[in-house]
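Colleague: Pasted the sequence and its predicted model underneath.
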Amino acid sequence: MRLPRRAAASGTAVALALVLAGCGGGLSSHAGTPFTACLQQAGVDISRMASWTREREREELSDPAALACVLSDLPAGERREVLDWAFPDVPADASADEQAPVAEAVGGFLEARTPPDAEAIADAGELLAALGVAGAEPAGVRHALALRVHLDAGGPLYDAWREGLDLEDDHAARARFAGEQLELGGALADLLAETSDALLAAQEQAG
């Protein structure tokens, strides 16, 4: 399934709308912009966004259709300004818990683009930059996303590994398994490495 991509608004129009909307923190300070209009069209109820908590705003923006609006209606230079309250910068030494919100949001976006092709992977890398991942580390975010792309090949092995260790299926487990596979090498490792590298390339180009 392909998510709809609206034509990107010009940077000048978005910048003017941001000035008119105000300069407070969070998404509410950007009301009336092409981005929030896109969110409404995608089904996000933004009528009470001024009262949203950080967690609620992150939840709303994590919807795959909302992330498609990030790509279509936010110029790259505006994305961190708009999104950094819900998705603070992810430091290179971020713990698995700190990585999880970004990894889960982008993972859901990839799953909505079934099957995730090269364009979807490039879009996911672009979203990593938009959601606060600035460099090659923490690599666990990309490794976990690569596993989600290749669950048809690696899913049974991953499930057996996870069940043997009595682990929940979460970001920490996916990142750990993918990291171990990359160290071991083999066919699955090659797939994970190729996808992880493609995510990083798109992330760095967007950043």
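Modeller: Perfect, I can see it now.
Colleague: Every contact and neighbour count from this point should use C-alpha atoms.
Modeller: Will do.
Colleague: Run through the residues that contact residue 76.
Modeller: 130, 206, 207 (C-alpha atoms under 8 Å, 6 or more residues apart in numbering).
Colleague: 7 Å - rerun?
Modeller: Contacts for residue 76 (C-alpha atoms under 7 Å, 6 or more residues apart in numbering) come out as residue 206.
Colleague: Make residue 1 into 11 and carry on from there
Modeller: Yes, from this point I'll number from 11; that puts the last item at residue 86.
Colleague: Need the pLDDT of it.
Modeller: On the pLDDT scale, residue 86 is placed at 89.
Colleague: Against residue 125, how distant is it?
Modeller: 25 Å (C-alpha to C-alpha, to the nearest Å).
Colleague: quick one: low-confidence parts of the chain?
Modeller: 11-36 (pLDDT under 70).
Colleague: Can you tell me the centre-most residue of it?
Modeller: Centrality entry for the chain: nearest residue to the mean C-alpha point is residue 116, 2.9 Å, by C-alpha atoms, centre = their mean.
Colleague: May I ask you to confirm that it is in contact with residue 134?
Modeller: Yes: at 6.1 Å, residue 116 counts as touching residue 134 under the criterion of C-alpha atoms under 7 Å.
Colleague: Can you report phi and psi for the nearest residue to residue 93 once chain neighbours are set aside?
Modeller: Leaving aside its sequence neighbours, residue 93 sits nearest to residue 141 (C-alpha to C-alpha, 6 or more residues apart in numbering; 6.6 Å). The phi and psi values for residue 141, taken as degrees, to the nearest 10, are phi -100, psi 10.
Colleague: how close does the residue of the chain most remote from its centre get to residue 167?
Modeller: Centroid-distance maximum for the chain: residue 174 at 29.2 Å, with C-alpha atoms, centre = their mean. Here the criterion is C-alpha to C-alpha. By it, residue 174 lies 11 Å from residue 167.
Colleague: Helices along the protein, start to end?
Modeller: Secondary structure of the chain (DSSP state H): helices at 21-31, 44-51, 64-71, 74-83, 86-93, 106-122, 128-140, 149-159, 161-174, 181-194, 197-216.
Colleague: ok, the residue lying closest to residue 55 once chain neighbours are set aside - how many residues close by?
Modeller: Of all residues not flanking residue 55 in the chain, residue 49 sits nearest, at 8.0 Å (C-alpha to C-alpha, 6+ apart). Residue 49: 22 surrounding residues under other C-alpha atoms under 10 Å.
Colleague: on that earlier part again, would you turn the helices of the chain into TSV with distance to residue 99?
Modeller: Output for the helices of the chain, formatted as TSV (distance: least, C-alpha to C-alpha, whole Å):
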stretch	distance to residue 99
helix 21-31	21
helix 44-51	21
helix 64-71	13
helix 74-83	16
helix 86-93	9
helix 106-122	10
helix 128-140	9
helix 149-159	13
helix 161-174	28
helix 181-194	18
helix 197-216	14
